[in-house]
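**Student:** one predicted model, sequence on top.
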Amino acid sequence: MKIGIYGGTFNPPHLGHMAAARTAMDALKLDKLLLMPAAVPPHKSLPENTPAQEHRLAMVEKMADALDRPEMVEVSTLELEREGKSYTSETLEELHRRYPGAELWLLMGTDMFLTLHQWHDAKTILRLANICAFGRTEGDGEAVFLPQREFLIREYQANVVTITLPGLVDVSSTQLRDLLSRGKGREYLLPAVYGYILMHKLYGTEVHLKHLELPELRACSCSMIRHKRVAHVMGVEEEAVKLAKFWGADPELARHAGILHDCTKYLELDDQLKLCRKYGIELDSLERKAVKLLHSKTGACIAKYVFGEPDEVYEAIFWHTTGKEDMTLLDKILYMADYIEPNRDFDGVERLRELSYTDLDQALLLGMNSTIQEMEERGVPIHTNTRKARQWLLDQGVKLKE
Ligand code: DGI
Ligand code: FE
Ligand code: FE
């Protein structure tokens, strides 16, 4: 088994780290990649506005999630948990104990590579691991790598691979922290990491969450959900805007509702219940145990109380999972956008798409019928609001034409 170890302070993790991790996984054909945030690195003390360890860990977890290879990429807290200074040689010894017989590959950038022989117990490091160094720019290619590679091979019999990553994002964490403190730097970050930084006001960022521009609002939403849901959320935004323009609702309200509608989707039941208590949301007995019914309510609260969204957006998000009696046009639009956004791909989605742009109420009725039927088949209890919403449409004479 080939294991890559990518350590660093990740302060913060950025697109350069992402590209390096991806390239190394493919070039070395790794079976596993461990992203390992360092506690206090032996060779430098952390700069002043470094966020707490838990924040760096959370950001690295977002990076791992965005690498989108869950069976392969893991975040290792080995060095964060160890007392005192973290030496790479000790980390490698521990990894050999945990993964006997594994082939270890230590991944690092140019700066690290060029000083490798000065690290604590370099001899052990180079005995226990192979080295993969990547250049940050075209500039630090062979001319920079060659002498060091030859030196390490000669002195330590090291096994060294060097890769220059063409067209790589050329930014250092130091530059990035400086950019962030001046309200810039978004283009160097994963949206989920950028959103996390904004929401926790790290690195001197000071945005008002209640008055965000769209890229910042999207980033915050991304930071709260798993990477695999991002495409869905973007799709709902797009579809909701389209439907709003078509049916004469406010496209910007629809957009905001789309961006935030699933922002609490990944909270556990306990955290959902806590938010409901905090914002005074009353729950019935089914809601208290069906976690899937809670994200619409808690998502609405976050939209309103954290991001300052108006009541129309709050309501649309609040009812997007079950629907209700007396839905507004915006409520209907978000409900259907969630159902038919471009990434949805299930039997019957085409019919729903067509109806959504010819007769919105019929689309709604068909959507609710399908939801009810599917839940009956799966033996899931149907919420009264789902039933009431459907009955309300029927009472208004909405009928599905054959
Ligand atoms: O959040 P999404 O997956 O994009 O979509 P959604 O907000 O419509 O949530 C769908 C989930 O909600 C699905 O797993 C079924 C569940 N759900 C929807 N209506 C009901 C329901 N669960 C119960 N128990 N009762 C309902 O009436
Ligand atoms: Fe949802
Ligand atoms: Fe959704």
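**Tutor:** Yep, it's here. Residues are numbered from 1 along each chain as shown. Ligands and ions are numbered 1, 2, ... in the order given.
**Student:** list, one by one, the residues from the stretch 201-350 of the chain near ligand 3.
**Tutor:** Contacts of the stretch 201-350 of the chain with ligand 3, taken as CB under 5 Å from the ion, map to Asp262, Asp338. Glycine gets a C-beta too; all of them are placed from N, C-alpha and C.
**Student:** quick one: name the residues of the stretch 201-350 of the chain near ligand 1.
**Tutor:** Within the stretch 201-350 of the chain, the positions near ligand 1 by CB under 6 Å from any ligand atom are Asp262, Lys265, Ala290, Lys292, Leu293, Ser296, His320, Thr321, Thr322, Asp338.
**Student:** now the buried members of those residues.
**Tutor:** Asp262, Lys265, Ala290, Leu293, Ser296, His320, Thr321, Thr322, Asp338 (16 or more other CB atoms under 10 Å).
**Student:** redo those as CSV? Include distance to Ala254.
**Tutor:** Listed next are these as CSV, based on distance: CB to CB, whole Å:
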residue, distance to Ala254
Asp262, 15
Lys265, 19
Ala290, 27
Leu293, 23
Ser296, 16
His320, 12
Thr321, 17
Thr322, 19
Asp338, 12
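**Student:** farthest-apart pair in the residues you listed, please.
**Tutor:** Farthest-apart pair in those is Ala290 and Asp338; separation 17.4 Å (CB to CB).
**Student:** name the SS class of Phe134, please.
**Tutor:** strand (DSSP: H, G, I helix; E, B strand; the rest coil).
**Student:** lowest-confidence entry in the buried ones among the residues of the stretch 201-350 of the chain next to ligand 1?
**Tutor:** In this model, the minimum pLDDT among those belongs to Ala290 (95).
**Student:** my guess is that residue contacts Pro381. True?
**Tutor:** Yes: with contact defined as CB atoms under 8 Å, Ala290 reaches Pro381; the gap is 7.5 Å.
**Student:** returning to what we had before: show me the buried ones among the residues of the stretch 201-350 of the chain next to ligand 1 that map onto strands.
**Tutor:** Assignment to strands by DSSP state E places none of those there.
**Student:** tell me which element Ala363 is part of?
**Tutor:** Taking DSSP states H and E as the definition, Ala363 sits inside helix 360-378.
**Student:** can you name the residues in contact with that helix?
**Tutor:** Residues outside helix 360-378 that contact it (CB atoms under 8 Å, 6 or more residues apart in numbering): 243, 247, 323, 327, 329, 332-333, 335-336, 339-340, 348, 351-352, 355-356, 381-382, 386-387, 389-390, 393-394, 396, 398-401.
**Student:** what about burial for those, which qualify?
**Tutor:** 243, 247, 323, 327, 329, 332-333, 335-336, 339-340, 352, 355-356, 386, 389-390, 393, 398.
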